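Asks: the sequence and its predicted three-dimensional model are supplied below.
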Amino acid sequence: GLSGMSQVQLFYRYANDNTTWGGWTLFDINDTAPYSFTFTFPEGDGYYEFYSLAMDKAGNMETAPASADAIAAFDFIGPISSIEPVSSYLHEASLLTLTATAFDAISGVGDVEFWYRFSMDNFSWG
């Protein structure tokens, strides 16, 4: 009656920059095989490290590992972008150079699209 698994505990820690980590926090305890967890990213966007501890039916607990078993990032916030102001309103040349900046702290920027509208009279816009 003392052989076999009793429970598995899931621990996590969080960093918003993948460098400065908080302390380990117990997320959940599961006492039913196959001991899976549904993680809900309680700190929001950022980086998460995980480890688990197993306990047998005799009460013997595994020791915490020296480093994380797994790492994941959660990125729910979209990137931000902007186009630098045009220095002069009126341009007579057929080329205009536009410069954009874009930022996404977690997953990075994949690409940047430029969108424009045209008006012949500065009143009716397409």
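Replies: Here it is on my side, so go on. Predicted, not measured: the structure shown is a model, and the values here were computed from it. Numbering: from 1, shown residues only.
Asks: output the below-cut-off pLDDT ranges for the chain.
Replies: Within the chain, the ranges that satisfy pLDDT under 70 run 1.
Asks: do a quick rundown of the strands in it.
Replies: Applying DSSP state E to the chain gives strands spanning 5-15, 25-30, 46-56, 70-74, 80-83, 100-103.
Asks: dump these to TSV, plus mean neighbour count and distance to residue 63.
Replies: (Glycine included, C-beta is placed from N, CA and C.) Listed next are the strands of the chain as TSV, based on neighbours: other Cβ atoms under 10 Å; distance: least, Cβ to Cβ, whole Å:
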stretch	mean neighbour count	distance to residue 63
strand 5-15	18	12
strand 25-30	13	15
strand 46-56	17	8
strand 70-74	13	18
strand 80-83	12	43
strand 100-103	12	41
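Asks: what would those strands look like in JSON lines with distance to residue 37?
Replies: Below are the strands of the chain laid out as JSON lines (distance: least, Cβ to Cβ, whole Å):
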{"stretch": "strand 5-15", "distance to residue 37": "5"}
{"stretch": "strand 25-30", "distance to residue 37": "6"}
{"stretch": "strand 46-56", "distance to residue 37": "8"}
{"stretch": "strand 70-74", "distance to residue 37": "11"}
{"stretch": "strand 80-83", "distance to residue 37": "32"}
{"stretch": "strand 100-103", "distance to residue 37": "32"}
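Asks: which stretch among the ones you listed comes nearest residue 93?
Replies: Of all the strands of the chain, strand 80-83 sits nearest to residue 93, with 18.2 Å by Cβ to Cβ.
Asks: that closest one pairs with which strands, parallel or anti?
Replies: The strands beside strand 80-83 in its sheet (DSSP bridges) come out as strand 100-103 (antiparallel).
Asks: quickly note the distance from residue 47 to residue 64.
Replies: Relative to residue 64, residue 47 is positioned 19 Å away (Cβ to Cβ, to the nearest Å).
Asks: er, residue 94 actually
Replies: Distance of residue 94 to residue 64, given as Cβ to Cβ: 66 Å.
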